[in-house]
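Student: task: produce atomic coordinates for the following.
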Amino acid sequence: MFVTRLRIHQAVAAAASATLLGLAMFGGAAQAANTRLIYIGDPALAPDNASGIPELGTLTNSLTAPGGLTAVDILVKNYGVQTVNHASLLGGEVADARPDNANFPPPATLSLPLGYTYVATFPESACDISDASRSVSCDIGTLVGGASFQVRVVIATTSPAATSETYWFGAYLAEGNATGTNQDNFFASDPSLSSASTCAATGNYFLPDTAISLGNVDVCGQTQSAQLNSGLKLDENGQGGFALVAVDDTFAGVVPKGFTKFGTTISADVIDGALVPGGLQWTVRWFGTTKLTAVIHFLDGGGFLVIPFKNNACVGDEDTNCVVSTNSTKPNATPTWFEAVFVTPDNGKVGGLF
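Tutor: Predicted coordinates for the structure are as follows:
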């Protein structure tokens with residue numbers, strides 16, 4: 001599942017959201033007569049039973065820099081025995097325009113910050129995006145007890161963005177009554193729609209029928225940097241995928257006998273660890289040296305493969321575990337660096353070797 005694979009930065013985001021939004025169990029006089037047991041939020045955070053439904057659900061979007069794409073998975077589930085009808089999931093201006101019930105108010109911000117737009121939903125047939133891309137409407141219909149609805153929404157962020165922005169979605173039942181103690185409106189929110197890229201975490205979401213193209217060159221300075229590209233476009237019939245590139249704090253792996261490490265490893269998390277269409281092309285630059293003999297590829301599932309730079313040229317478009325090119329500065333240049341372009345079948349961690 002997409003959200004469960006968003007790695008450490010997403011776990012931190014989810015924990016921060018829970019703290020900031022003050023998740024609480026249903027309680028209070030207004031909710032005493034409430035018979036609706038509806039959860040909306042991150043599928044990975046869905047409670048085991050109705051007693052764990054938060055008053056305000058938490059959303060967890062994929063990491064992205066300002067100006068990039070981010071994706072969020074949203075689950076709406078009926079934990080009660082009562083069938084609910086005419087249910088819908090709304091975001092953006094259409095959600096802002098719905099009547100508010102003072103007993104169950106929405107978050108006190110715009111559902112979608114100004115400048116941001118909805119780009120796509122998966123499955124596509126489940127939702128409609130407005131012509132101005134500022135509203136998304138998903139017709140859930142009827143939810144019997146125990147039934148659920150799940151959708152992925154892709155959002156285009158603004159550039160530049162000084163701080164992260166709060167966004168939210170609402171699940172609405174029947175006509176979305178603005179009065180009464182029987183809850184018809186349910187909400188989930190996240191305060192971190194976009195944030196600046198760092199050398200430790202640069203990510204983006206990529207739509208179907210597009211190629212992965214992601215780099216951290218601009219934020220890594222004269223240490224190490226990487227650019228990731230897929231050899232082919234992602235499946236046009238799929239849901240696209242998330243990609244992350246990061247420079248690790250350490251050389252995260254055992255150096256094989258006969259080699260000496262240089263620098264730290266670089267991590268890639270591309271389309272959930274699946275084989276990358278056409279292979280994953282890495283362009284890695286190490287500062288402080290003009291020569292390396294190989295790169296080591298630590299596999300996600302364990303083990304490693306050493307890819308030598310000499311006599312290991314990529315031959316065909318589908319060739320992997322091979323080298324496209326190497327380049328370096330002259331020894332007396334400032335700063336000095338060595339760069340290698342190589343191809344692996346999937347992601348993992350790579351490190352330089354003498």
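
Student: might you report the residue contacts of Ala340?
Tutor: Contacts for Ala340 were tallied using CB atoms under 8 Å, 6 or more residues apart in numbering; they are Trp282, Thr283, Val284, Leu292, Val295, Phe309, Val323, Ser325, Thr326, Asn327. (Glycine included, C-beta is placed from N, CA and C.)

Student: and the third one, helix, strand or coil?
Tutor: Assigned state for Val284: strand (three-state reduction, DSSP: H, G, I helix; E, B strand; the rest coil).

Student: next, count neighbours for it.
Tutor: Other residues within reach of Val284, judged by other CB atoms under 10 Å, total 23.

Student: now the nearest residue to it once chain neighbours are set aside: which helix or strand?
Tutor: In space, and not counting its chain neighbours, Val284 is closest to Ala226: 4.9 Å by CB to CB, 6 or more residues apart in numbering. Element membership for Ala226 (DSSP states H and E) is strand 224-230.

Student: check which helices and strands that strand sits against.
Tutor: Where contact means 3 or more CB pairs under 8 Å, 6 or more residues apart in numbering; DSSP states H and E, strand 224-230 is packed against strand 213-215, helix 217-220, strand 241-247, strand 261-270, strand 280-287.

Student: check the gap between the residue of the chain most remote from its centre and Thr290 for me.
Tutor: In the chain, Asn332 marks the outermost C-alpha relative to the chain mean, sitting 41.9 Å out by CA atoms, centre = their mean. Going from Asn332 to Thr290 by CB to CB, to the nearest Å gives 10 Å.

Student: kindly state the beta-bridge partners for His213.
Tutor: That one is not His; residue 213 is Ser. Asn229 (DSSP bridges).

Student: where along the stretch 251-354 of the chain do the strands fall?
Tutor: Applying DSSP state E, counting those that start in this stretch to the stretch 251-354 of the chain gives strands spanning 261-270, 280-287, 294-298, 304-308, 322-328, 337-344, 348-353.

Student: need the winner for burial among those strands.
Tutor: Neighbour counts (mean count of other CB atoms under 10 Å) averaged over each of the strands of the stretch 251-354 of the chain peak at strand 348-353, with a mean of 24.

Student: within the sheet, what are the partner strands of that strand, with directions?
Tutor: strand 261-270 (antiparallel), strand 294-298 (antiparallel).

Student: let me know the angle separating that strand from strand 280-287.
Tutor: Computed with axes from the mean of the first three to the mean of the last three CA atoms, to 10 degrees, the direction of strand 348-353 lies at 40 degrees from that of strand 280-287.

Student: contacts for strand 348-353, please.
Tutor: For strand 348-353, using CB under 8 Å, 6+ apart, the contacting residues are 248, 251-253, 255-256, 259-268, 282, 284, 286, 289, 292-300, 306, 338, 344.

Student: that strand versus strand 224-230: what angle between them?
Tutor: Comparing the axes of strand 348-353 and strand 224-230 via the same axes, to 10 degrees yields an angle of 130 degrees.

Student: what stretches of the stretch 101-250 of the chain score poorly on pLDDT?
Tutor: For the stretch 101-250 of the chain, the stretches with pLDDT under 70 are 161-163, 175-179.

Student: so where do the strands sit in it?
Tutor: Under DSSP E, counting those that start in this stretch, the stretch 101-250 of the chain gives strands at 117-122, 127-129, 135-143, 148-156, 167-172, 185-190, 202-206, 213-215, 224-230, 241-247.

Student: with that, I have no additional questions.
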